[in-house]
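*Asks:* no sequence on this one, just coordinates:
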């Protein structure tokens, strides 16, 4: 089993090798947007639905010390 640091090194090396294809990325985002519209899940009926949960999660994350 890979250790966390070894995996991070592997992941960084993989990301450095991978070339960014901005056109492909935009096509993916556009396809996801079209699918969300077709499924009637976007735009949300009430944009503030779930905001309280997001706010609580953000507060918890921001309280975690940067060093463990």
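*Replies:* Received it, and whenever you're ready, just let me know what you need. Nothing here was measured: the structure is a model prediction, and the numbers come from that model.
*Asks:* Every contact and neighbour count from this point should use C-alpha atoms.
*Replies:* Will do.
*Asks:* Is the residue positioned nearest the centre of the chain part of a helix or strand, or is it coil?
*Replies:* Centroid-nearest residue in the chain, with Cα atoms, centre = their mean: residue 29, separated by 12.5 Å. When classified by DSSP: H, G, I helix; E, B strand; the rest coil, residue 29 comes out as helix.
*Asks:* pLDDT value on residue 31, please?
*Replies:* You'll see residue 31 listed with a pLDDT of 97.
*Asks:* What is the neighbour count of residue 34?
*Replies:* Here the number of neighbours of residue 34 (other Cα atoms under 10 Å) works out to 13.
*Asks:* That should have said residue 50, apologies.
*Replies:* By other Cα under 10 Å, neighbour count at residue 50 equals 9.
*Asks:* again with residue 33
*Replies:* Neighbours of residue 33 using other Cα under 10 Å come to 15.
*Asks:* Phi and psi next, for it.
*Replies:* phi -60, psi -50 (degrees, to the nearest 10).
*Asks:* Give the burial count for residue 54, as a bare number.
*Replies:* Neighbour tally, residue 54, other Cα under 10 Å: 12.
*Asks:* Which strand or helix spans it?
*Replies:* Residue 54 belongs to helix 51-63 when elements are defined using DSSP states H and E.
*Asks:* helices or strands up against that helix?
*Replies:* Packed against helix 51-63, as judged by 3 or more Cα pairs under 8 Å, 6 or more residues apart in numbering; DSSP states H and E, are no other helices or strands.
*Asks:* Could I get the average pLDDT for that helix?
*Replies:* Rounded mean pLDDT across helix 51-63 is 92.
*Asks:* chain center to that helix: distance?
*Replies:* 16 Å (Cα atoms, centre = their mean, to the nearest Å).
*Asks:* Could you shift the numbering so residue one becomes 289, and keep it that way?
*Replies:* New numbering, starting at 289: the last item is helix 339-351.
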